[in-house]
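Chemist: Here is the input, now give the coordinates:
(one chain, ligands or ions: 1)
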Amino acid sequence: MATRRFSAGGDPDLSDLYKDLAVNDLQPLWELSGLLTPAPRTRAVPYRWRGKELRELGERAGDLVPVGRGGDRRVLSLSNPGLGGTPYATATLWGAMQYLGPKETAPAHRHTPAALRFVLEGEGVWTLVDGDPLQMAADDLVLTPSWTWHEHHIPGDTPMTWFDALDLPLVEALEAVFFEPGQEPLAPNTTAGRSTSERRFGSGPGLLPDGASSTTPLAHSPLLRYCWADTDRALSAQFADLHGEAAGTGHAHLRFADPRTAVT
Ligand code: 1HN
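Modeler: Okay, the predicted model is just below:
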């Protein structure tokens, strides 16, 4: 019997009923409150984690904690003070700072939560996503869709930091988390060329390989790296063009979209 007992207010018949309900793992809706609220209850609070501290603490972890089997990643998760000690930035999103040092490799694995990464500083990391090597440089956006194999490499001498966002809390709430470790990683100093993903789908606006329609059976964008040079150029062009109301706001706005469908 795992259910709550409810007060019958001195009515012996009702008390019997409530006892039997509890024995049968049932709960009376008329005694429950707070299930349906007029508006969503949000537990996460607005909070700021400062980049300076994140970077310093990441570096210290880099000196003390190896990357390898076990944690697999040297990651500091943003733990929202409103969420009672869970390692989550919000009720549905994981946010974290990842630090990888010179000549290090974070081994291959895959999981159902999807990840996106914004590179904060450095260059020279490449991430292998389902066998496709994506270079990561400052301000790039890199996607690691659900259940794709991924591993990170720094063949050179410069450490790198990037921001990881995953839908892990949401997938966990759906009881749909699966994780699988991969093969042993390639040699740490292996370098990589340009990704197939970018060669095929990153040629420019409106340019797609013939036959790559929205019906291509891929549940995620086939473009896995949105490099900052492209984003910067598009933002600058839009900014230069602002007129009327938009000029007053001074904001250029872009959406990262699946190039096949222009849907996020
Ligand atoms: C993960 O796989 C990475 O691959 C980073 O870099 C952060 C946080 C929770 C679960 C898996 C990565 C992660 C993660």
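
Chemist: so who does the closest residue to the ligand within the stretch 151-264 of the chain touch?
Modeler: Proximity to the ligand, evaluated over the stretch 151-264 of the chain using CB to the nearest ligand atom, is greatest for residue 164 at 4.3 Å. Using the backbone N, CA and C atoms, a C-beta is placed for each residue, glycine as well. By CB atoms under 8 Å, 6 or more residues apart in numbering, the contact list for residue 164 reads 75, 94-98, 115-117.

Chemist: Residue 196 - how many residues pack around it?
Modeler: 15 (other CB atoms under 10 Å).

Chemist: how about it, what does it touch?
Modeler: residue 132.

Chemist: Looking at the contacts of residue 164, spot the one nearest residue 81.
Modeler: Among the contacts of residue 164, residue 95 lies closest to residue 81 (CB to CB), at 13.5 Å.

Chemist: pretty sure the closest one is in contact with residue 168, am I right?
Modeler: No - if you go by CB atoms under 8 Å, residue 95 and residue 168 don't touch, sitting 10.0 Å apart.

Chemist: okay, those two: which has more neighbours?
Modeler: More neighbours surround residue 168 than the other of residue 95 and residue 168, with 22 against 18 (other CB under 10 Å).

Chemist: Can you give me the buried ones in stretch 40-53?
Modeler: Neighbour-count burial for stretch 40-53 flags residue 44 (criterion: 16 or more other CB atoms under 10 Å).

Chemist: cool, and stretch 116-123?
Modeler: For stretch 116-123, burial by neighbour count (16+ other CB under 10 Å) applies to 116-120, 122.

Chemist: ok, which pair from the residues you listed is furthest apart?
Modeler: Pairwise over the buried residues of stretch 116-123, using CB to CB, the maximum falls at 116 and 122, 17.7 Å.

Chemist: Not counting residues beside it along the chain, what's closest to residue 122?
Modeler: With sequence-adjacent residues excluded and distances taken as CB to CB, 6 or more residues apart in numbering, residue 122 is closest to residue 160, at 3.7 Å.
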